[in-house]
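K.L.:
Predicted coordinates and the sequence they were generated for:
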Amino acid sequence: MQDSFIKFSSITQAIKAQQLLKKLKIKSELERVSNNQSYQGCGYKLKINSNIKKIKDLLIKNNIKFIN
């Protein structure tokens, strides 16, 4: 499966997402988005190698905000 990215406007939301995924034994890497790629605020992304739709559904269910 190919790596996918989920973007976040704050480090807080990105860390919450990473912690949730870690509890579920889903590997992810937190990266800072460069200024040119940032949509709002700071700009962070999680790189994951899993079903992106499933991950986004988990984040929504757990009230973790991300940028589509």
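P.N.:
Yep, that arrived.

K.L.:
quick one, what contacts residue 3?
P.N.:
Residue 3 is in contact with 47, 48, 49, counting by CB atoms under 8 Å, 6 or more residues apart in numbering. Yep, even glycine has a C-beta here, placed from its N, CA and C like the rest.

K.L.:
Can you tell me which of the residues you listed lies closest to residue 28?
P.N.:
Closest approach between the contacts of residue 3 and residue 28, by CB to CB: residue 48, at 4.8 Å.

K.L.:
Now the closest one. Nearest residue, chain neighbours left out?
P.N.:
residue 28 (4.8 Å; CB to CB, 6 or more residues apart in numbering).

K.L.:
And for residue 20?
P.N.:
Among residues not flanking residue 20 along the chain, residue 62 sits closest, at 5.7 Å (CB to CB, 6+ apart).

K.L.:
Same check on residue 2?
P.N.:
Sequence neighbours aside, residue 49 is the residue nearest to residue 2 in space, at 7.5 Å (criterion: CB to CB, 6+ apart).

K.L.:
Just to check, that neighbour is in contact with residue 29?
P.N.:
No. Contact criterion CB atoms under 8 Å: residue 49 and residue 29 do not qualify, at 9.3 Å.

K.L.:
right, and residue 50 touches residue 25 too?
P.N.:
No. In this structure, residue 50 is not within contact of residue 25 by CB under 8 Å, at 10.3 Å.

K.L.:
Good, wrapping up.
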